[in-house]
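> what would the 3D arrangement of this be:
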Amino acid sequence: MRYHFSGVAGAGMNPLASLLRARGHAVQGSDRAFDQGRSQEVAARLRGLGIELFPHDGTAVTRGIDRFVHSTAVEADTPEMRAARALGLEYVSRPRLLAEVVNAGVPGVAIAGTSGKSTIVGMLAWLLGEAGVPATVLGGAALVGDGPGGCFRAGPAEGPVVAEACESDGTLVGYRPAIGVVHNISRDHGEVETLRPQFATFAESCGRLLVNARCPEAAALGRRFKAFTYGDSPDADARLRVSSAGPDHALGVLRVEHHDVTLKVPLPGLHNLENAAAAALVALELGVAPFAVEVLLACFPGVARRFEVLGTTLSGIRVVDDYAHNGEKIRATISAAQAGAGRVVAVFQPHGFGPARFLRPELKTLLPRLLRPEDRFCYSEIFYSGGTVAKDLSSRALADDLPHELRCGYAPNHGAAREWVLREAQSGDTVLIMGARDPELPRLARSVLEGLLA
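A predicted model of the protein is given here:
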């Protein structure tokens, strides 16, 4: 079959396009990021796999296409979407196609939750790959060292499939996995009360359900559907006992069926220990030996932009690139950084105008409680990826929301954000560059490190 991927540069789209090409289908795609000269490393990798790339203007959408796959980030009135409708092509959203792939897995494994999915899937890609378990793995973030784009490991068509199942667009209800994980449920993309029905439908559709007992919402779901529980909770079926959550790594022991599995994660934070617990349980289900889980997790290279330490200067300033983009992720990332630094100097770029409006009241309350008097925080201007959106808010207003004593900075662009960090950073600080969607954020983080090293 011939597939066209509209928005193929997306972290969720390019692994799927790569998988279908690996399975012998003809695959083509387009993305306005490529047209703007961005994400060229992703474009080169896709071309190297034999995927044809075209301008994102509708001209490549023809009757020769069997299935038109679109990212949920692509607006309905773009030339490609209009052309696909006009030609009557089979119209498939990325989440629907991903659910098809997961549901056909032997077994299919879906990792759900509002935080931690990419890290858990990345850990599973590492554990399964290094342990020699043939499996397809599809995630939203590549392992450190794998280059830009999402996480992709090709396995046999009749083998296991492990993938992220995202709640952001209401498509959790399409999954029928043999093994499902609900890692947490918190305010992200929507209020918790609007997310509950979707997670409940997902939970009911899982052959075997694992939930994080420390998250109240996930635990309540687990009780309702008689799930297997894990985490830092005394009544968890697989209890996680935390020895250390920082500053440079996290250490704990997971009790699984009368056996202890030591989890030494080369990332700080309780949340990363919980991520490791979920990944370890799934890896055990898929045949990885407990000893192998212990040894391999200790060597985990990390996931791109998930507390990715880019470098440390001679004066001890550590620069970290992170994908944090909602309240819970920002809290976890800053807390992990605080555990290993006298001061945190953080830049956060909201990932769109809609998300900024949604997050505004939460961040107004969260940041004054989270930041210590010695920490510094700066809002970079809201990321605009193109398309028809109401640009009716500025990060300057978000900065003005915070108390004067926090001295919140505002950067109208990445150059200004870099200069703000260079003025603020001192010996021993941890510098955080946080935000989602913008492919230029890693470049900003590297530029900050280069400036501090100069």
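> need the contact partners of the helix or strand that contains Gly311.
Here Gly311, judged by DSSP states H and E, is contained in strand 308-312. The contact list for strand 308-312 (Cβ atoms under 8 Å, 6 or more residues apart in numbering) reads 144, 302, 318-322, 445-446, 449, 453. Using the backbone N, CA and C atoms, a C-beta is placed for each residue, glycine as well.
> ok, stretch 219-235 next?
182, 185, 199-200, 203-204, 206, 208-215, 236-242, 252, 254, 270, 273-274, 277-278, 281.
> do stretch 363-375 as well
327, 330-331, 334-335, 338, 342-346, 377, 398, 401-403, 405-406, 408.
> okay, buried residues for it please.
363, 366-367, 370-371, 375 (16 or more other Cβ atoms under 10 Å).
> for stretch 44-61, which positions count as buried?
45-46, 51, 53-54, 56, 58, 60-61.
> let me see the mean pLDDT of it.
Across stretch 44-61, the average pLDDT comes to 96.
> what residues sit buried inside the strand holding Gly311?
308-310.
> quick one: strands adjacent to it?
Using DSSP bridges, the strands paired with strand 308-312 are strand 318-322 (antiparallel).
> so which elements touch the helix or strand following the partner strand?
Using DSSP H and E, the helix or strand that follows strand 318-322 in sequence is helix 327-338. Helix 327-338 is packed against helix 270-285, strand 318-322, strand 344-349, helix 353-370, strand 430-435, with contacts defined by 3 or more Cβ pairs under 8 Å, 6 or more residues apart in numbering; DSSP states H and E.
> thinking again about what came up before, got TSV for the contacts of strand 308-312, with pLDDT and distance to Ala104 too?
Output for the contacts of strand 308-312, formatted as TSV (pLDDT from 0 to 100; distance: Cβ to Cβ, whole Å):
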residue	pLDDT	distance to Ala104
Val144	93	30
Gly302	94	30
Arg318	96	43
Val319	97	42
Val320	97	38
Asp321	97	35
Asp322	96	34
Ala445	98	38
Arg446	97	39
Leu449	98	43
Leu453	96	48
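> and Tyr3, what element?
Per DSSP H and E: strand 2-6 holds Tyr3.
> ok, and what's touching that strand?
So strand 2-6 is contacted by 13-14, 16-17, 20, 25-31, 56, 60-61, 64-71, 74, 78, 80-81, 84 (Cβ under 8 Å, 6+ apart).
> how far away from the center of its chain is that strand?
23 Å (Cα atoms, centre = their mean, to the nearest Å).
> what pairs with that strand, parallel or antiparallel?
strand 26-30 (parallel), strand 67-70 (parallel).
> okay, it in PDB with CA atoms only?
Below are the C-alpha coordinates for strand 2-6, written out as PDB (Å, rounded to 0.1, in the frame of the first residue of the first chain):
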ATOM      1  CA  ARG A   2       1.000   3.600  -0.400                       C
ATOM      2  CA  TYR A   3       0.800   5.900   2.700                       C
ATOM      3  CA  HIS A   4       1.000   9.600   2.800                       C
ATOM      4  CA  PHE A   5       2.000  11.100   6.200                       C
ATOM      5  CA  SER A   6       0.900  14.800   6.600                       C
END
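> does Asn14 touch Gly147 like I think?
No - Asn14 lies out of contact with Gly147 (Cβ atoms under 8 Å); the separation is 10.9 Å.
> intersection of neighbour lists for those two?
Counting by Cβ under 8 Å, 6+ apart, the residues touching both Asn14 and Gly147 are Arg45.
> who has more neighbours, these two?
Between Asn14 and Gly147, counting by other Cβ atoms under 10 Å, Asn14 is the more crowded of the two (27 against 12).
> on that earlier part again, and the helices and strands packed on helix 327-338 as TSV, adding distance to Tyr91?
Below are these laid out as TSV (distance: least, Cβ to Cβ, whole Å):
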stretch	distance to Tyr91
helix 270-285	32
strand 318-322	35
strand 344-349	32
helix 353-370	23
strand 430-435	31
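> any idea which of the ones you listed gets closest to Glu90?
helix 353-370 (28.6 Å; Cβ to Cβ).
> what is the subsequent helix or strand relative to that closest one?
strand 376-380.
> just checking: what are the partner strands of that next one?
strand 344-349 (parallel), strand 409-411 (parallel).
> any chance of CSV for the strands paired with strand 2-6, columns distance to Leu286 and mean pLDDT?
Formatted as CSV, the strands paired with strand 2-6 follow (distance: least, Cβ to Cβ, whole Å; pLDDT from 0 to 100):
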stretch, distance to Leu286, mean pLDDT
strand 26-30, 27, 97
strand 67-70, 27, 96
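> next, format these as CSV and append mean neighbour count.
As requested, these are exported to CSV (neighbours: other Cβ atoms under 10 Å):
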stretch, mean neighbour count
strand 26-30, 23
strand 67-70, 22
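> dump the ones you listed to CSV, plus distance to Gln40.
Shown next, in CSV, are those (distance: least, Cβ to Cβ, whole Å):
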stretch, distance to Gln40
strand 26-30, 14
strand 67-70, 22
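> which stretch among these comes nearest Glu130?
Here strand 26-30 is closest among those (Cβ to Cβ), at 28.1 Å.
> how far away from the center of its chain is the closest one?
The answer for strand 26-30 is 24 Å, by Cα atoms, centre = their mean.
> what is the subsequent helix or strand relative to that strand?
helix 32-35.
> quickly find the element holding the residue nearest to the spatial centre of the chain.
The chain has Ser118 as the residue nearest its centroid, 4.2 Å off, counting by Cα atoms, centre = their mean. Here Ser118 sits within helix 117-131, counting by DSSP H and E.
> which other helices and strands contact that helix?
strand 108-112, strand 136-139, strand 151-153, strand 161-165, helix 270-285, helix 290-297.
> residues near Arg224, how many?
Using other Cβ under 10 Å: Arg224 sits among 13 other residues.
> got the confidence number for it?
In this prediction Arg224 is given a pLDDT of 95.
> and what of Gly340?
79.
> picking that back up, what average pLDDT does the helix holding Ser118 get?
For helix 117-131, the mean confidence score works out to 96.
> now it, how far from the centre of its chain.
For helix 117-131, the distance to the chain centre is 13 Å (Cα atoms, centre = their mean).
> list the buried residues in it.
117-129, 131.
> so it versus strand 161-165, what angle?
With axes from the mean of the first three to the mean of the last three Cα atoms, to 10 degrees defining the directions, helix 117-131 sits at 170 degrees from strand 161-165.
> direction included, what does the helix or strand where Leu251 lies pair against?
Assigned by DSSP H and E, Leu251 belongs to strand 250-256. According to DSSP bridges, strand 250-256 forms sheet pairs with strand 238-244 (antiparallel), strand 259-265 (antiparallel).
> need the pLDDT of the residue nearest to Pro403 when sequence neighbours are not counted.
Distances taken as Cβ to Cβ, 6 or more residues apart in numbering place Pro368 nearest to Pro403, at 5.6 Å, with adjacent residues excluded. With respect to pLDDT, Pro368 scores 97.
> Pro368 and Glu374: what is the separation?
14 Å (Cβ to Cβ, to the nearest Å).
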